[in-house]
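In: Turn this into a structure:
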Amino acid sequence: MKFGVQYNDIHSNARAGVITTGHGVIETPIFMPVGTQGTVKAVHMRELKDDIKAQIILGNTYHLYLRPGTEILERVGGLHKFNGWDGPILTDSGGFQVFSLAENRKLREEGAEFRSHIDGSKHFFTPEKVVDIERSIGADIIMAFDECTPGDADYEYAKKSLALTEKWLDRCVDRMVQTEPLYGYGQSLFPIVQGCVYTDLRKRASEHVASKNADGNAIGGLAVGEPTEKMYEMIEVVNEILPKDRPRYLMGVGTPVNMLEAIERGVDMFDCIMPTRNGRNGQLFTRYGTINIRNKKWEDDFSSLDPAGYTYVDTAYSKAYLHHLIKAEEILGLQIASIHNLGFYLWLVKEARAHIKAGDFGTWKRESIRQLSNRL
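Out: Below you'll find the predicted structure:
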């Protein structure tokens, strides 16, 4: 994998670059639709590529390990062949999913024991096993196994958790060296910076991650219950230390405003389930704020989904039609809302890139945040 910064904003740490992988080029800043189980919910691969213009999507190690399993993925030649997506893929390590199974998992230095949310069966993830699973899945970018610390964790817990994540990272790096990709193209391991909301732990974690000289680096453990301003503060702390010539990936974040604030602080890559999950619940993101399409006010509004008449994908559906579909619980409504929101997220990061290039990112960002905060 290669990364190059093409443009730097003169008034902030925002930058625009290009990541080159074995499955294609990614222009940053970029948003990555989440395809947890090998699919972005309610969206065809054709729509992701041709309509939404996604450049990279995510898969999840925990879920793909449980279903369909690594044997099936290896037999077909990896996730790209299995789901028909020919662009870059990134896989999470499953650390966040294990974190979310707090009542059904046990952590120790060797690894994490957990029970499947599907059938209750017992499993054990070690850093080595996670790397092996991610080799089987075949993503272009794979994440190191970590413990995602809760946003309200006390200092001693966060310190102990970080020590575990650092030991696991060392073992992930060793396993990458000991093994080879399975499908004829390279894979890049991204370490993850943890440390909760504690500045000294974040600095320590960033220095440890930077020492690995990885192709890219991730910032984890944010947007998990901590105050928003504390999240922004931690991003600034971390990005002062992480190498500037490698992409920085803020995991699981977030709202359009969150993304613009993080871009200003030097983040290049984002993922979040929000555009699809919220879309399935009737929330639409637009340039001028959010819409709850379930509200009666849209029942006879025949204008396009964006208040300004702008569409982020090539559709001609009206608010009234989508209101009807969502209220009637028609599957097409979930699909239209998901495609619209993903299209908006990809449009937003593309606009951010254009304004970084043009030299007016700060002015554009301030006006955009003012508009994005509206509830229509």
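In: Okay, helices next: where are they in the stretch 101-250 of the chain?
Out: Remark: helices assigned in the stretch 101-250 of the chain by DSSP state H, counting those that start in this stretch are 127-137, 155-178, 199-210, 228-239.
In: Relative to its centre, which residue of this structure is most distant?
Out: For the chain, the residue at maximal distance from the C-alpha centroid (Cα atoms, centre = their mean) is Asp300, at 35.7 Å.
In: That one reaches Lys319, doesn't it?
Out: No - applying Cβ atoms under 8 Å as the test, Asp300 and Lys319 come out as separate, 9.1 Å apart. Any C-beta I mention is one placed from the backbone N, CA and C, and that applies to glycine too.
In: picking up where we left off before, from the helices of the stretch 101-250 of the chain, which stretch is densest packed?
Out: helix 127-137 (a mean of 23; mean count of other Cβ atoms under 10 Å).
In: Could you tell me the angle between that helix and helix 155-178?
Out: Per axes from the mean of the first three to the mean of the last three Cα atoms, to 10 degrees, the angle that helix 127-137 makes with helix 155-178 is 50 degrees.
In: Alpha carbons of helix 127-137, as PDB, please.
Out: C-alpha atoms of helix 127-137 as PDB (Å, rounded to 0.1, in the frame of the first residue of the first chain):
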ATOM      1  CA  PRO A 127      -3.900 -11.700  18.100                       C
ATOM      2  CA  GLU A 128      -2.400 -14.500  15.900                       C
ATOM      3  CA  LYS A 129      -5.800 -16.000  15.200                       C
ATOM      4  CA  VAL A 130      -7.300 -12.700  14.200                       C
ATOM      5  CA  VAL A 131      -4.500 -12.000  11.700                       C
ATOM      6  CA  ASP A 132      -5.000 -15.500  10.300                       C
ATOM      7  CA  ILE A 133      -8.700 -14.900   9.900                       C
ATOM      8  CA  GLU A 134      -8.100 -11.500   8.200                       C
ATOM      9  CA  ARG A 135      -5.600 -13.200   5.900                       C
ATOM     10  CA  SER A 136      -8.500 -15.700   5.000                       C
ATOM     11  CA  ILE A 137     -10.900 -12.800   4.400                       C
END
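In: Give me the residues contacting it.
Out: Applying Cβ atoms under 8 Å, 6 or more residues apart in numbering, the contact partners of helix 127-137 are 59, 61, 64-65, 70, 73-74, 78-79, 89, 91, 93-94, 111, 142-145, 168-169, 171-172, 175-176, 179-182, 187, 189.
In: Could you check how far it is from the centre of its chain?
Out: Distance, stretch centre to chain centre, for helix 127-137: 19 Å (Cα atoms, centre = their mean, to the nearest Å).
In: Also stretch 247-264?
Out: Using Cα atoms, centre = their mean, the offset of stretch 247-264 from its chain centre is 9 Å.
In: Check stretch 344-352 too.
Out: That offset, for stretch 344-352, works out to 15 Å (Cα atoms, centre = their mean).
In: Now do the buried residues in that stretch.
Out: Residues of stretch 344-352 classed as buried: 344-352 (neighbour count, 16 or more other Cβ atoms under 10 Å).
In: Same check on stretch 365-376?
Out: So stretch 365-376, judged by 16+ other Cβ under 10 Å, has buried residues 365, 368, 372.
In: Closest to Thr286 out of these?
Out: Leu372 (8.5 Å; Cβ to Cβ).
In: And stretch 205-225, end to end?
Out: 20 Å (Cα to Cα, to the nearest Å).
In: repeat for stretch 147-158
Out: Using Cα to Cα, one end of stretch 147-158 lies 10 Å from the other.
In: can you put the buried residues of stretch 344-352 in CSV and add secondary structure and distance to Ala308?
Out: Converted to CSV, those look like this (DSSP: H, G, I helix; E, B strand; the rest coil; distance: Cβ to Cβ, whole Å):
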residue, secondary structure, distance to Ala308
Phe344, helix, 12
Tyr345, helix, 17
Leu346, helix, 18
Trp347, helix, 12
Leu348, helix, 14
Val349, helix, 19
Lys350, helix, 17
Glu351, helix, 14
Ala352, helix, 18
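In: and the residue positioned nearest the centre of the chain, what does it touch?
Out: When Cα atoms, centre = their mean is applied to the chain, the residue found nearest the centroid is Asp271 (1.9 Å). Residues near Asp271 by Cβ under 8 Å, 6+ apart: 31-34, 58, 90, 249, 251-252.
In: Mind checking what helix or strand follows the host helix or strand of Val257 in sequence?
Out: Using DSSP states H and E, Val257 sits within helix 256-264. On the C-terminal side of helix 256-264, the closest following helix or strand by DSSP H and E is strand 269-271.
In: what's the helix or strand following that next one in contact with?
Out: On the C-terminal side of strand 269-271, the closest following helix or strand by DSSP H and E is helix 274-280. For helix 274-280, the external contacting residues (Cβ under 8 Å, 6+ apart) are 33-34, 40-43, 254-255, 285, 334, 337-338, 340-342, 344-345.
In: What residues of stretch 47-58 count as buried?
Out: Across stretch 47-58, burial judged by 16+ other Cβ under 10 Å covers 47-49, 51-52, 54-58.
In: wait, which of the residues you listed is closest to Ala223?
Out: Each of these was scored against Ala223 by Cβ to Cβ, and Leu58 proved nearest at 15.5 Å.
In: Phi and psi next, for the closest one.
Out: phi -110, psi 150 (degrees, to the nearest 10).
In: Alright, I will stop here.
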